[in-house]
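# dropping the sequence and predicted coords here.
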Amino acid sequence: MPVAPKPVRDAAKKALDARENVAPSRRAGTRVGLARANQLANGDNISYATLRRMRSYLLRAKENYDNARELGLNIENSKAIQAYYLWGGPRALTWVNSELSSR
């Protein structure tokens with residue numbers, strides 16, 4: 001089973017750190033998103049079923065992430081950006097697609 005590359009692990013760590021440093025009302029992430037961030041940040045093996053779920057989430061959330069970026073928002077003032085980073089950030093989709101296509 002694959003392990004996330006360093007940029008994806010770092011994105012998840014960045015989101016977990018940002019989440020701790022903002023007010024509770026500014027924190028993004030469901031239980032699943034937080035579990036995913038911890039898996040990625042810890043360098044855990046990621047199953048192919050999880051990779052498929054990651055691809056699904058990242059594709060659904062990309063428009064919200066892109067819109068927040070266009071507005072000049074960042075991980076500390078946008079729940080959309082924070083949530084996207086919990087799932088590995090912008091580089092995660094490329095990695096996930098690569099892993100799934102090589103299988």
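Sure, I can see it. A quick note: this is a predicted structure, and the numbers were derived from the prediction, not measured.

# contacts and neighbour counts: CA atoms only from here.
Noted.

# list of residues touching stretch 5-20?
26-28, 34, 37-38, 40-43, 75-76, 82-83, 85-89, 91-92, 95 (CA atoms under 8 Å, 6 or more residues apart in numbering).

# buried residues, the helix or strand hosting R19. List them.
Per DSSP states H and E, R19 falls inside helix 6-20. For helix 6-20, the neighbour count (16 or more other CA atoms under 10 Å) marks 7-16, 18-19 as buried.

# which residue, other than its chain neighbours, is closest to L58?
Distances taken as CA to CA, 6 or more residues apart in numbering place L93 nearest to L58, at 6.3 Å, with adjacent residues excluded.

# pull the contacting residues for the one you found.
L93 neighbours (CA under 8 Å, 6+ apart): 54-55, 58-59.

# for S102, state which of those residues is nearest.
Checking these against S102 by CA to CA gives R55 as the nearest, at 14.5 Å.

# quick revisit: report the two of the contacts of L93 separated the most.
For those, the farthest-apart pair by CA to CA is M54 and L59; their separation is 8.5 Å.

# more neighbours: which of the two?
Looking at M54 and L59 with other CA atoms under 10 Å, you find the greater number of neighbours at M54, namely 21 against 11.

# where are the low-confidence patches of the chain?
Across the chain, nothing is flagged by pLDDT under 70.

# now the residue nearest to the spatial centre of it, what are its backbone angles?
For the chain, W87 is the residue whose C-alpha lies nearest the centre (CA atoms, centre = their mean; 1.8 Å). Main-chain dihedrals, W87, degrees, to the nearest 10: phi -90, psi 10.

# let me see the contact set for it.
By CA under 8 Å, 6+ apart, W87 lies in contact with 12, 33, 36-37, 40, 54, 58.
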